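Pasting a predicted model and its sequence here:
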Amino acid sequence: LVAGLLKKNSAFRQFIEEAQAQPRCVGMPFISYLIKPIQRICKYPLLLRDLLKHTDDSHQDYNNLVQALQKIEEVVAYVNDRKRLAENLQKILDVQNQIESNEELNLVEPSRRFMREGTIKVIENGRARERNTFVFN
């Protein structure tokens, strides 16, 4: 999405370039700031497990740490699931953009999942030709 905007929207591209040039960005690309919060969420279970390992089960915070670990694990699972769905949607859009057709093509459906991509050989007029294939659920 961001890559598409950077290519198509010159005002957006200029804004991002100017923002990245500022010293407070410490040379990190824009996309890094979008990924960083998600990466942090995935580290919280590790921190909480370590805290639990070093917290006596009779400590007043122990049960709260157990509950916090359960909740953050649910959040991480949700985030990972949504990330997989977004990646799958992007792959379907990429496939859709690769297909040349005279008719409008819409491969995106809520239940559609990309499964596999590969090359097969098809015999046409006695000659073998390679064709890209895409498998969906």
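Here it is on my side, so go on.

roughly how far apart are the residue nearest to the spatial centre of the chain and residue 15?
When C-alpha atoms, centre = their mean is applied to the chain, the residue found nearest the centroid is residue 83 (4.1 Å). Relative to residue 15, residue 83 is positioned 26 Å away (C-beta to C-beta, to the nearest Å). (C-beta placed from N, C-alpha, C; glycine too.)

just residue 52 next, same as before
44 Å.

who's more crowded, the two?
residue 52 (16 against 12; other C-beta atoms under 10 Å).

and that one, that's in a helix?
Yes. Residue 52: assigned to a helix according to DSSP: H, G, I helix; E, B strand; the rest coil.

Which residue comes closest to it once chain neighbours are left out?
Closest residue in space to residue 52, ignoring its immediate chain neighbours: residue 65 at 5.2 Å, by C-beta to C-beta, 6 or more residues apart in numbering.

pLDDT at that neighbour, what is it?
Looking at residue 65, its pLDDT is 97.

still on that earlier bit, hmm, the residue nearest to the centre of the chain is touching residue 38, no?
Yes. Using C-beta atoms under 8 Å, residue 83 is in contact with residue 38, at 7.4 Å.

give me phi/psi at the residue nearest to the centre of the chain?
Here is the backbone geometry of residue 83 (degrees, to the nearest 10): phi -60, psi -40.

which ones are touching it?
Residue 83 makes contacts with residue 38, as judged by C-beta atoms under 8 Å, 6 or more residues apart in numbering.

Quick check: pLDDT value at it.
At residue 83, pLDDT is 88.

Report the separation between it and residue 73.
Applying C-beta to C-beta, the value for residue 83 to residue 73 is 15 Å.

Now residue 106: phi and psi?
phi -130, psi 100.
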